[in-house]
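Predicted model follows, preceded by the sequence.
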Amino acid sequence: MAQPSTSPVNVVLGAAGATGLECVKRLLATSDLPTRAVVRDPAKLQGVIEPSPKLQIAKGDVTDEASVREALAGAKGVIFAAAGKGYWSPAEVDFKGVQRVAAVSKELGVERVVLVSSMLVTKKHWLHPVRLLLNNIRYGLMDNKLKESGE
């Protein structure tokens, strides 16, 4: 497992999830910069993604500020694809985690932060009441947190 460096790198938080993994693969295929795949459990990426000299796999958790700082060291761009899975984790991951990553990104001079949300996007959930409600709110909570950060 490669250790985070301070040379310019793209960072994907939540790289073990389906959306995060696709982001990692796309960055490896299209970007000249190395890609740091940040996951809570690096073992989850073993055998799932092809090794590459441009790939760094790092342990990290958006609920822990020290972990976020280490993960974002040298980041030029950050993709936030992490998502809470348990009952209480959405508040810690999807809300406070976004705030934390936005604040640290601003402090470290990260050029771009992309927030990815894929909740209820499948056809199965097309008419789910929560999806309909969330898609009719002009500005979402996570977007507001990024905007408030000045990022």
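Nice, I can see it.

Next secondary structure after the longest helix along the chain?
For the chain, the helix that runs over the most residues, judged by DSSP state H, is helix 18-30. As assigned by DSSP states H and E, the chain's next helix or strand after helix 18-30 is strand 35-39.

what angle separates that following strand from helix 18-30?
Calculated by axes from the mean of the first three to the mean of the last three CA atoms, to 10 degrees, strand 35-39 forms an angle of 160 degrees with helix 18-30.

center of the chain, which residue is that?
residue 80 (2.2 Å; CA atoms, centre = their mean).

Any figure for the gap between that residue and residue 150?
Note on residue 80: its distance to residue 150, by CB to CB, to the nearest Å, is 16 Å. Where C-beta positions appear, they are placed from N, C-alpha and C, glycine not excepted.

Likewise for residue 115?
To residue 150, residue 115 is 15 Å away according to CB to CB.

can you give me the strands in the protein?
With strands called from DSSP state E, the chain shows them at 9-13, 35-39, 55-59, 75-80, 112-115.

how about these in TSV, adding mean pLDDT and distance to residue 25?
What follows is the strands of the chain, written out as TSV (pLDDT from 0 to 100; distance: least, CB to CB, whole Å):
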stretch	mean pLDDT	distance to residue 25
strand 9-13	98	10
strand 35-39	98	9
strand 55-59	97	10
strand 75-80	98	12
strand 112-115	95	15
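
Among those, single out whichever gets nearest to residue 20.
strand 9-13 (5.3 Å; CB to CB).
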